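Engineer: Generate coordinates for the sequence data below:
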Amino acid sequence: MSRREVHSHEPAVQRVVTSGTFSLDGGVWEVSNNVWIVGDDVEVLVIDAAHDADAIAAAVGDRRVVAVVCTHAHDDHVNQAPALADRYGAPIVLHPAEAPLWEMTWQERTPDRAMADGDVLRAGGVELRALHTPGHSPGSTCLYAPELGTLFSGDTLFFGGPGATGRSFSSFDTIIESVRDRLLTLPPEVEVRTGHGEATWIGAEAPHLLDWVARGH
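Structural biologist: Next comes the predicted model:
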């Protein structure tokens, strides 16, 4: 079951919530994912195409998809990326360090474009700046839209702390460094739109950094 939410306070950003599973290291978990659609009435970027291609396409409508952007390659964030890319003739964009995780889901399909730190993706007058934030996975990348005051954090930062690091290809020390050096240096009023669950703000998460370090893995 999927639902569409349009943020009336910021019409350039839509959220589609989809449900499915996440699989890694022999485990399978039920999850709900945030799929973000960013742009205007003409063209958009789709961030993290998860679980339900039809629900995502219904939200996109007849707009042009400039790219299907993956914040990282865990299967619950990329399992509909090829379907959306093929439907709209759009490239799949992913950091190359995610290749081992991508290949767990898609052995015969490779991303179309490598995303590097500092790259800028554009659609509908919105610019998303790629911030490489490894830790949850080697190529995890957040997308910062300064003019929207918004960060799309994937699974790097959530309400209450950083993403999980207890599985293959993850590192607690690395994600703490990424959050501290790349994300908490952003303005405190920046809204963090996450890969799962509700939004938070940079300023709300900054005071908890020492607690995260003390809690460890």
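Engineer: Tell me who's in contact with the most centrally placed residue in the chain.
Structural biologist: With distances taken as C-alpha atoms, centre = their mean, the residue of the chain nearest its centroid is residue 154 (3.0 Å). Contacts for residue 154 were tallied using C-beta atoms under 8 Å, 6 or more residues apart in numbering; they are 48, 71, 72, 77, 136, 140, 141, 142, 163, 194, 195. (Glycine included, C-beta is placed from N, CA and C.)
Engineer: With residue 22 instead?
Structural biologist: Contacts of residue 22 (C-beta under 8 Å, 6+ apart): 28, 29, 31, 74, 75, 76.
Engineer: Same check on residue 96?
Structural biologist: 114, 139.
Engineer: Could you point out the helix or strand that follows the helix or strand bottoming out on mean pLDDT in the chain?
Structural biologist: Every helix and strand in the chain was compared by mean pLDDT, DSSP states H and E; the lowest is strand 3-6, with a mean of 41. Proceeding N to C from strand 3-6, the next assigned helix or strand is strand 13-24, under DSSP states H and E.
Engineer: how far away is residue 48 from residue 12?
Structural biologist: 17 Å (C-beta to C-beta, to the nearest Å).
Engineer: who has more neighbours, these two?
Structural biologist: Higher neighbour count among residue 48 and residue 12: residue 48, with 28 against 19, using other C-beta atoms under 10 Å.
Engineer: Please report phi then psi for that one.
Structural biologist: The phi/psi pair for residue 48 (degrees, to the nearest 10) reads phi 60, psi 80.
Engineer: got a list of what it touches?
Structural biologist: Shown in contact with residue 48 (C-beta under 8 Å, 6+ apart): 33, 34, 35, 36, 69, 70, 71, 77, 78, 154, 195.
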